[in-house]
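> Fold the following, please.
(chains A and B)
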Number of protein chains: 2
Amino acid sequence: MIEHWLKTRINFKTLLSLVLISSCFGIGWSQENLSKTPNFIIIFADDLGYGDLGTYGHPTIKTPNLDQMAAEGQKWTNFYVGASVCTPSRAALLTGRLPVRSGMASDKHRVLFPDSKYGLPSSEITLAEQLKQVGYSTACVGKWHLGHKEEYLPTNNGFDYYFGIPYSNDMDFVGDRTKSKESGYLVTENYNVPLMRNTEIIERPANQNTITKRYAEETITFIKKNKDNPFFIYLAHNLPHIPLFASEDFLGKSKRGIYGDVVEEIDFGIGQIIATLKEEGLDKNTIVIFTSDNGPWLSHEINGGSAGLLKAGKGMTWEGGMREPCIFWSPNNIKPAVVSELGATMDLFTTFSALAGAPVPKDRIMDGHDLSSTLFRNAPSPRKEVFYYRGTQLYAARLGDYKAHYITQGAYGQFGDKEVHDPPILYNLSIDPSENFDIGASHPKIIGEINTIVKEHQSKLTKGKDQLADRE
Amino acid sequence: MIEHWLKTRINFKTLLSLVLISSCFGIGWSQENLSKTPNFIIIFADDLGYGDLGTYGHPTIKTPNLDQMAAEGQKWTNFYVGASVCTPSRAALLTGRLPVRSGMASDKHRVLFPDSKYGLPSSEITLAEQLKQVGYSTACVGKWHLGHKEEYLPTNNGFDYYFGIPYSNDMDFVGDRTKSKESGYLVTENYNVPLMRNTEIIERPANQNTITKRYAEETITFIKKNKDNPFFIYLAHNLPHIPLFASEDFLGKSKRGIYGDVVEEIDFGIGQIIATLKEEGLDKNTIVIFTSDNGPWLSHEINGGSAGLLKAGKGMTWEGGMREPCIFWSPNNIKPAVVSELGATMDLFTTFSALAGAPVPKDRIMDGHDLSSTLFRNAPSPRKEVFYYRGTQLYAARLGDYKAHYITQGAYGQFGDKEVHDPPILYNLSIDPSENFDIGASHPKIIGEINTIVKEHQSKLTKGKDQLADRE
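Sure, this is the predicted structure:
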């Protein structure tokens, strides 16, 4: 019909207007455009802060691909991780549950180490396991950090394929820390970390200079191989966790120093992934989400990232430790917006399960919400609360705009000692995102409301057996 | 020809691709698309910080129109004002010269007051005067603050038309400061400031509840009246300077409190202005620039803005006081980019004069650079240096990536006492935008280079007669 109309007398301006109007008003943005099994790609950076992307205000880190995704999709500004350090944050994302429930949070060691005995218990259900049961092909590319013994690896947790370093890139240190510091952490051989394909070590030490590039390439290969199936890819970059490495094409290229080089290489790879989705005609049936596992590692000074206007960083329950950049991208389906509603990595389990038709487990407490109505219809988020844990202890809780800190504590020698607040200190995060102005004294009712949700939350909480405490 | 081509057999997809390709690759972005007398609109906010727009990372202030301008134009991330407070900053913008040269900076009073005797000397040439001599219609809408006696008003400084409050909106205080504070500064009658049209007071006290809306309306009226002439509009909002006011449609609407309400109302008006330019077919021959006069007034706590990841705010020579959001928008002419090159409000005089063919004065030292090659061809900025003054004293200087502080000093009871640094403290702002890590000790050569440009700058400096010191 359109062809017929075009063959008749037509005004070029009319057509152009039509194209522009339909793109401006987003006619047709809808969840209905997605198939019953859309593809999911979660891109997870490591220690990247709230302020480290162009679209979140960084002055000299150039992230044109992420900026573009943000302009074409939803940029979330109140999106949280499940913990302020690596292992528990990743457990939260993949299980949709607070890590205190699975035992993946500990008061003895904050994360898993190469000599740790255990990992994610097999009783936990990962998002990959969820999606496999409804026919998805699944891959984990990158950092795992939920147990490196075979039984704990991705291939035993619902992933068909694994390629990556199974824990943090600063582990298995075999060099001289003084020299390493002098050289700007640039000698990859100092870190004898393994690179694995499925359950095999294929390279040791992993050459970290090219690791970011290879992770993007592995992702692209998996997309191409699985373009005819629904797929789920969990691309968990090892960087910009310290030590920092970039390939030759990026080293020394950013104005922000090596930290910027690394982020720009991650951004470049994301551009390649997006281009592949478009080339393969998969972009309109795929949801790509970008976020990070926790805030910036500030004690590493210029080699650490920035939390922007948020307070503190990695390891802490201030906003800078647990609020992250988050971009949802799915052309035709997710309409461009800046979303200041609450969301969390734990919601991805619930949301993607719902979209793919995989029933959410009913035999356990889940901590996720289905964000579909916010993603596709710009409705208010079903998430109204955030619980901020350090290890197995609840330090703070957010309800709507308000956050009560029961305990505050610095990390890595910064931001002071442990302090218990009774009554809690209170911030209105929508008005005071930098947590500067305690309004607890004038808001006893709100503190009461937060106390109530905390009490209810804790009354139902069973702490899982600590999986991080025991080491060989 | 296009019509003819369309009447022949045509494939809708081909045409669509053509439209999309040309918009993606920006075929035709060029200064050549502008006429010899393009229109200029400078929108100047008051005390808005680096971190207060969506596109610069604010989580809860919604600025969809400015975000859109940033996505369609150039977002500058190293753009400076000429002073960290109001009067000298405005003098710098309008004269293209450091305010110490014109006498519009003082060590006695930082700004002009309602009982100040003087204002911008008639010997100074404003951007409006420049553009008038080549046939522009000119309007100043909003805050002037360069002298409120008739001889100093906009209409005696090159503007055909003036509508606005001639100084800060917190002046002429007639209320009870305690009560005013309690009420959240919301009683406009407390501030007996005049609203002027040309040289007449038309309302006193100015009703500030509707002032932002009325400034946008006046701007739109002027655009429509002058659509057949080249025009220059200087829209200098009185807000979000404290006290904060918003019209009924915006009051209580933002998540960020009244500060957010105000910024969102300014953003809304900008959307109306952009829409008017499009309706009148002027958008492709107009350059719109948005920036602010200085950093956020932090001592006002939640009623002050945010400098994002930059240190300190209004009144100080730390980055938060003098680096501002800056968006250049001109569809067809300025290609979308994030620009981390150096720029300054003083460059607008030089750039717009060059574009309009108005010769830059040769009888005086100018402090601006012509940014055309950066705006239209993405070339490196000709600006390599920034001089940070407090009153008539040079406190710091930036050369390329590096900034040396010779003196640091807080303001409004924050950020400490005056401190002289000899040798200066040094930051690499591209790597360390938050000015956390002094690298002076290891970079004597760079300090030497900055000392050299400072010495050269000072050797040519003649301080103008202080216009701010004398009051009735």
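
> Parallel or antiparallel, list what pairs with the helix or strand harbouring A:I42.
According to DSSP states H and E, A:I42 maps onto strand A:39-45. The strands beside strand A:39-45 in its sheet (DSSP bridges) come out as strand A:231-236 (parallel), strand A:286-292 (parallel).

> Heading C-terminal from the longest one, find the next helix or strand.
Sequence-wise, the next helix or strand downstream of strand A:286-292 (DSSP H and E) is helix A:319-322.

> Against which helices or strands is the helix or strand immediately after that following helix in the chain packed?
Heading C-terminal from helix A:319-322, the first helix or strand you meet, by DSSP H and E, is strand A:323-329. Helices and strands touching strand A:323-329, as assessed by 3 or more C-beta pairs under 8 Å, 6 or more residues apart in numbering or on different chains; DSSP states H and E, comprise helix A:64-72, strand A:74-80, strand A:286-292. For the C-beta atoms, the positions are set from N, CA and C on the backbone; glycine is no exception.

> hmm, who's touching the first one?
In this case it means helix A:64-72. With contact meaning C-beta atoms under 8 Å, 6 or more residues apart in numbering or on different chains, helix A:64-72 is reached by A:53-55, A:267-268, A:270-271, A:274, A:288, A:290, A:325, A:327, A:329, A:331, A:336, B:71, B:338.

> Check chain A for the residue nearest chain B and tell me.
Relative to chain B, the nearest point of chain A is A:G57 (2.9 Å; C-beta to the nearest C-beta).

> Check what pLDDT that residue gets.
Confidence at A:G57, expressed as pLDDT, is 97.

> show me where the stretch 301-450 of chain A has strands.
Under the criterion DSSP state E, counting those that start in this stretch, the stretch 301-450 of chain A carries strands at the ranges A:323-329, A:337-339, A:343-344, A:385-390, A:393-399, A:402-408, A:419-428.

> Near chain B, which residues of the stretch 201-350 of chain A are found?
Neighbours of chain B within the stretch 201-350 of chain A, by C-beta under 8 Å from any C-beta of the partner chain: A:255-257, A:259-260, A:301-302, A:306-309, A:338, A:340.

> which sections of the stretch 101-250 of chain A are below the confidence cut-off?
A:179-185 (pLDDT under 70).

> distance of the nearest residue to A:T291 once chain neighbours are set aside from B:A105?
Distances taken as C-beta to C-beta, 6 or more residues apart in numbering or on different chains place A:C326 nearest to A:T291, at 4.3 Å, with adjacent residues excluded. For A:C326, the distance to B:A105 (C-beta to C-beta, to the nearest Å) stands at 44 Å.

> out of these two, which sits in the more crowded spot?
B:A105 (29 against 25; other C-beta atoms under 10 Å in any protein chain shown).

> So that one: helix, strand or coil?
With DSSP: H, G, I helix; E, B strand; the rest coil as the basis, B:A105 sits in coil.

> contacting residues around it?
Counted by C-beta under 8 Å, 6+ apart, B:A105 has contacts B:A83, B:P88, B:A91, B:L98, B:P99, B:Y389, B:G391, B:T392, B:L468.

> and the residue nearest to the fourth one when sequence neighbours are not counted, what is it in contact with?
Looking back up the chat, that one is B:L98. Ranked by C-beta to C-beta, 6+ apart and with sequence neighbours excluded, the top spatial neighbour of B:L98 is B:D367, at 5.0 Å. By C-beta under 8 Å, 6+ apart, the residues touching B:D367 are B:G82, B:A92, B:G96, B:R97, B:L98, B:R101, B:A344, B:M346, B:F387.

> now do 6 Å
B:R97, B:L98, B:M346 (C-beta atoms under 6 Å, 6 or more residues apart in numbering or on different chains).

> What separation is there between the second one and A:L461?
What it means is B:L98. 62 Å.

> pLDDT score assigned to A:G252?
So A:G252 comes in at 95 (pLDDT).

> Kindly report the same for the one 3 residues further on.
Residue-level confidence at A:K255 comes out at 98, pLDDT.

> could you dump the strands paired with strand A:39-45 to a markdown table with mean neighbour count and distance to B:N238?
Listed next are these as a markdown table, based on neighbours: other C-beta atoms under 10 Å in any protein chain shown; distance: least, C-beta to C-beta, whole Å:
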| stretch | mean neighbour count | distance to B:N238 |
| --- | --- | --- |
| strand A:231-236 | 26 | 48 |
| strand A:286-292 | 25 | 39 |
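
> would a markdown table of those strands with distance to A:Y152 be doable?
Formatted as a markdown table, these follow (distance: least, C-beta to C-beta, whole Å):
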| stretch | distance to A:Y152 |
| --- | --- |
| strand A:231-236 | 15 |
| strand A:286-292 | 23 |
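
> quick one, the biggest helix by length in chain A and helix A:64-72 angle?
As assigned by DSSP state H, the longest helix anywhere in chain A is helix A:258-279. Helix A:258-279 and helix A:64-72 are oriented at 60 degrees to each other (axes from the mean of the first three to the mean of the last three C-alpha atoms, to 10 degrees).

> among the contacts of B:D367, which are in helices?
B:M346.

> Please, where are all the helices along the stretch 351-472 of chain A?
Taking DSSP state H, counting those that start in this stretch, the helices of the stretch 351-472 of chain A run over residues A:372-377, A:444-459.

> ok, A:Q409 touching A:K418?
Yes - here A:Q409 lies in contact with A:K418, judged by C-beta atoms under 6 Å, at a distance of 4.1 Å.

> quick one: which of those two has more around it?
Set A:Q409 next to A:K418 and count neighbours by other C-beta under 10 Å: A:Q409 wins out with 18 against 11.

> A:A91 falls within a helix, correct?
Yes - according to three-state DSSP, the state of A:A91 is that of a helix.

> and the closest residue to A:K335 other than its chain neighbours, how many neighbours does it have?
Using C-beta to C-beta, 6+ apart and skipping residues adjacent in sequence, the residue nearest A:K335 is A:W29, 3.9 Å away. Per other C-beta under 10 Å, the neighbour tally for A:W29 reads 19.

> Repeat that for the one 4 residues further on.
A:N33 has 16 neighbours, counted by other C-beta under 10 Å.
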